[in-house]
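Colleague: Give me a 3D structure for the following:
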Amino acid sequence: MLNRKKITPKKLILFVYDLVATLIAMLLAVFIIHNGSIPHAQWQIFIATWFILPLTALIIFNLVGFYDQMWAFARGYQYLVLVAGTTLQLILSVLSMQIMDKHFTFATFVVYWFLLTSAVFVIRFIYRFYSSSVRLRRRGREKQDQIRVMIVGAGEAGSQLITEIKTSMSNRVPLLLIDDNPLILNYKNNGIPVLGNRHDIPALAEKYDIDEIIIAIPSASRTTIRDIVDICYQTESRVSILPFYTQLRDSKVRLTDVRDITIEDLLGREEVDLDLQQISKYIRGKTVLVTGGGGSIGSELVRQIAAYRPSVLLIFDIYENSVYSLQQELLATYGNSLNFRVLIGSVRDQRRIAQVFEQWQPDLVFHAAAHKHVPLMEDNPCEAVINNIYGTYNVARQAGRSKTEHFVLISTDKAVNPTNVMGATKRMCEIVTLALNKVHRSTNFAAVRFGNVLGSNGSVIPLFEKQIQEQKRVTVTDPEVTRYFMTISEASSLVLQAGAYAEGGEIFVLDMGRPVKILDLAKDLIRLSGYVPEEEIPIDIIGLRPGEKLHEELHLDREETISTENEKIMILQQVEDSSYLDTEIKHLIRLARCPSVGLPKFMEAILCILRDCESKEPAELKLILPEIPDDNKHVLQKSLIEKE
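Modeller: Numbers count the residues shown, from 1 in each chain. From the prediction side, this is the model:
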């Protein structure tokens, strides 16, 4: 029977119609075969077997899904279902009558099948035609609101999109297709002509007064999408896109999938190919600690780690508001199936860190807690040193003492040839991590270095979006400044993959793709917001900030890279001997606790050392360092790198 939850008046009418049609079709078949009459013998057979026809129709038509199809938008598949249904109904009816030893002639059954198929087809075709007419009349009433659409991509996705538009209540009207394949020029796809390639977009958009350009090439590379978007920007049309196939549900195109272009679409980066089995083996069943778990990178690491089902997931952060939001998100997603704890504390607090490791004994540690804002750290260098270097030392040393399996430091491209306090402290963090790897042999210490992540807290993109939203001037520090960008999701995935590769003592560098001009990024965001750069939203060049570089590097020229199984991840072959920095790091922490001594001068010295590590002359540092007062010698008496 019909599923009661799905019964509608329209379905009920079709259901009754089909059952009655089986009886009328058989009577007409007998009437036609016997030259316009129904012999008494045939009438007796019909009386004896009449219930078989609607009964078999009831069974078969429901099984093949006659009443689950959207006949208002019927296409070839639906009509194949119809033919299959009437054929199976005929076979079952013949078998049933054979069992009763009462049956009609073969010719009668053939005519019956033809009449029944025609009857069920006609009623559905009339319904489809009527529904289409209603939609067209409605569109006619809304003609002034029609959106004239150009679709870029005449492949399967473009064809499906045309069908979706035509069969929906959307006021979009597809007028033409664009495709770079010259062999299909002037051909029609689903009734829509292919009128040019990507370079013809501006001229055709103007000629046909196009309101919206939809890029429907889910299989295209991001570089190709970027090139097409740049051409579309030459028009006054709105630009939309279908997601990549990896983002589509069941790889099927739906009109609701069409969305605005995002800055991620313009990165020109390909999807990351991860060894999910290796990452799962690395995390599943383990106790995992993420410091800075409420931050941009830390929270995304938590989300991805949770999906691999760790035994316990520990989220450590000093800022309770951010981790509270993350806690609610995880509860809504996993309920009680995920065993996680939110731990409040500071990585600078040695006792708190020791307590966490003693209580939970984490197997894996991802250290993302750090001060990362370049201008703020220039004004607060003491805090940068204590939080970044001393905080890293606290967590890493405790991981070694607890015999944690892996410790992974989240580093930054600003650690390469640092020109600011933040970058210098992160480079020190790398050195501390590698040095501890030589002390604690039971733990694999590694660092992962990458560039800017899109949408992270304090990133340039939220700043630009805020300035554009308020229709203010967008501020760029220098027209030539470039940065590497990566999505938070991709960066976190590669961190997990690198962690799985780590054997101890590595600095992993992520392939960040090509660097992006910040000026171009600003213009892209202005266009994405529907404004014209320079005309509607001005761009001001305000000069480089203290400590800011024109271009970032992922590694030094003298550092050799070693490939891994994943082409997006490389290992740096370290050439420095980090052991000689033991005394200097100790002095740095002592001075950070006594800022009146003159930390800026000390930081200048450390920056010089980090830019020229190969000199290996720590004695020269004493010529730059100020004398440390005797009354401060009680601060941090032990050497930073202990031999235990």
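
Colleague: isn't V253 right next to I241, touching?
Modeller: No. Taking contacts as CB atoms under 8 Å, V253 lies outside contact range of I241: 11.9 Å. The way it works is simple: take the backbone N, C-alpha and C, and place the C-beta from them, glycine included.

Colleague: any shared contact partners between those two?
Modeller: Common neighbours of V253 and I241, using CB atoms under 8 Å, 6 or more residues apart in numbering, are A216.

Colleague: Any stretches of the stretch 101-250 of the chain with poor pLDDT?
Modeller: Residues of the stretch 101-250 of the chain meeting the criterion pLDDT under 70: 129, 131-145, 245-250.

Colleague: Not counting sequence-adjacent ones, nearest residue to Q469?
Modeller: Closest residue to Q469 apart from its sequence neighbours, by CB to CB, 6 or more residues apart in numbering: S529 at 7.5 Å.

Colleague: ok, now M428?
Modeller: Excluding the flanking residues, the one nearest M428 by CB to CB, 6+ apart is I389, at 4.8 Å.

Colleague: and the one you found, how many neighbours?
Modeller: I389 has 25 neighbours, counted by other CB atoms under 10 Å.

Colleague: One more: T117?
Modeller: Neighbours of T117 (other CB under 10 Å): 20.

Colleague: OK, contacts around H199?
Modeller: I231.

Colleague: Distance-wise, check it relative to Y233.
Modeller: 14 Å (CB to CB, to the nearest Å).

Colleague: before we move on, what about A399?
Modeller: With CB to CB as the criterion, A399 and Y233 are 49 Å apart.

Colleague: Below-threshold pLDDT in the stretch 351-500 of the chain: ranges please.
Modeller: 455, 457-458.

Colleague: which stretches of it form strands?
Modeller: 364-367, 406-412, 444-450, 452-454, 474-476, 482-483, 485-487 (DSSP state E, counting those that start in this stretch).

Colleague: contacting residues for the residue lying closest to G505 once chain neighbours are set aside?
Modeller: Excluding the flanking residues, the one nearest G505 by CB to CB, 6+ apart is N437, at 4.5 Å. Counting by CB under 8 Å, 6+ apart, N437 makes contact with 443-446, 504-505.

Colleague: next one: S240
Modeller: Contacts of S240 by CB under 8 Å, 6+ apart are 212-215, 258-261.

Colleague: hmm, back to that, the strands of the stretch 351-500 of the chain: which one's closest to A41?
Modeller: For those, the distance to A41 is smallest for strand 485-487, at 77.9 Å, taking CB to CB.

Colleague: other SSEs contacting that closest one?
Modeller: Here strand 485-487 touches strand 452-454, going by 3 or more CB pairs under 8 Å, 6 or more residues apart in numbering; DSSP states H and E.

Colleague: Can you list the strands that the strand it packs on pairs with?
Modeller: Take DSSP bridges as the rule and strand 452-454 pairs in its sheet with strand 485-487 (parallel).

Colleague: Give the burial count for the nearest residue to R449 once chain neighbours are set aside, as a bare number.
Modeller: Using CB to CB, 6+ apart and skipping the chain neighbours, the partner closest in space to R449 is S411 (4.3 Å). A count of neighbours around S411, defined by other CB under 10 Å, yields 25.

Colleague: Likewise for T425?
Modeller: Other residues close to T425 by other CB under 10 Å number 32.

Colleague: how much space between it and I99?
Modeller: 88 Å.

Colleague: Same check on P202?
Modeller: P202 is 71 Å from I99, by CB to CB.

Colleague: if you count what's nearby, which of the two comes out ahead?
Modeller: A count of neighbours by other CB under 10 Å puts P202 above the other of P202 and I99, at 16 against 10.

Colleague: is it fair to say the more buried one lies in a strand?
Modeller: No. Going by DSSP: H, G, I helix; E, B strand; the rest coil, the assignment for P202 is helix, not a strand.

Colleague: okay but it is in contact with I228, surely?
Modeller: No. P202 lies out of contact with I228 (CB under 8 Å); the separation is 11.8 Å.

Colleague: Surely I214 and M150 touch.
Modeller: Yes. Here I214 reaches M150: they are 7.3 Å apart, a contact under CB under 8 Å.

Colleague: and the gap between the residue nearest to L409 when sequence neighbours are not counted and V94?
Modeller: Nearest in space to L409, with sequence neighbours left out and distances taken as CB to CB, 6+ apart, is A447 at 4.1 Å. A447 is 76 Å from V94, where distance means CB to CB.

Colleague: Would you mind telling me which of those two has more residues around it?
Modeller: A447 (30 against 18).

Colleague: The more buried one: what's it in contact with?
Modeller: 408-411, 429-430, 433-434, 506-508.

Colleague: What of K466?
Modeller: K466 neighbours (CB under 8 Å, 6+ apart): none.

Colleague: how close does it sit to H373?
Modeller: 16 Å.

Colleague: if I pick E300, what's in contact with it?
Modeller: 488-489, 491-492.

Colleague: three-state assignment of K549?
Modeller: coil.

Colleague: what's the answer for E264, then?
Modeller: Per three-state DSSP, E264 ends up helix.

Colleague: could you measure it against E490, distance?
Modeller: Here the criterion is CB to CB. By it, E264 lies 9 Å from E490.

Colleague: Look up phi and psi at S299.
Modeller: The phi and psi values for S299, taken as degrees, to the nearest 10, are phi -70, psi -40.

Colleague: In contact with it, which residues?
Modeller: S299 sits in contact with 293, 322, 326, where contact means CB under 8 Å, 6+ apart.
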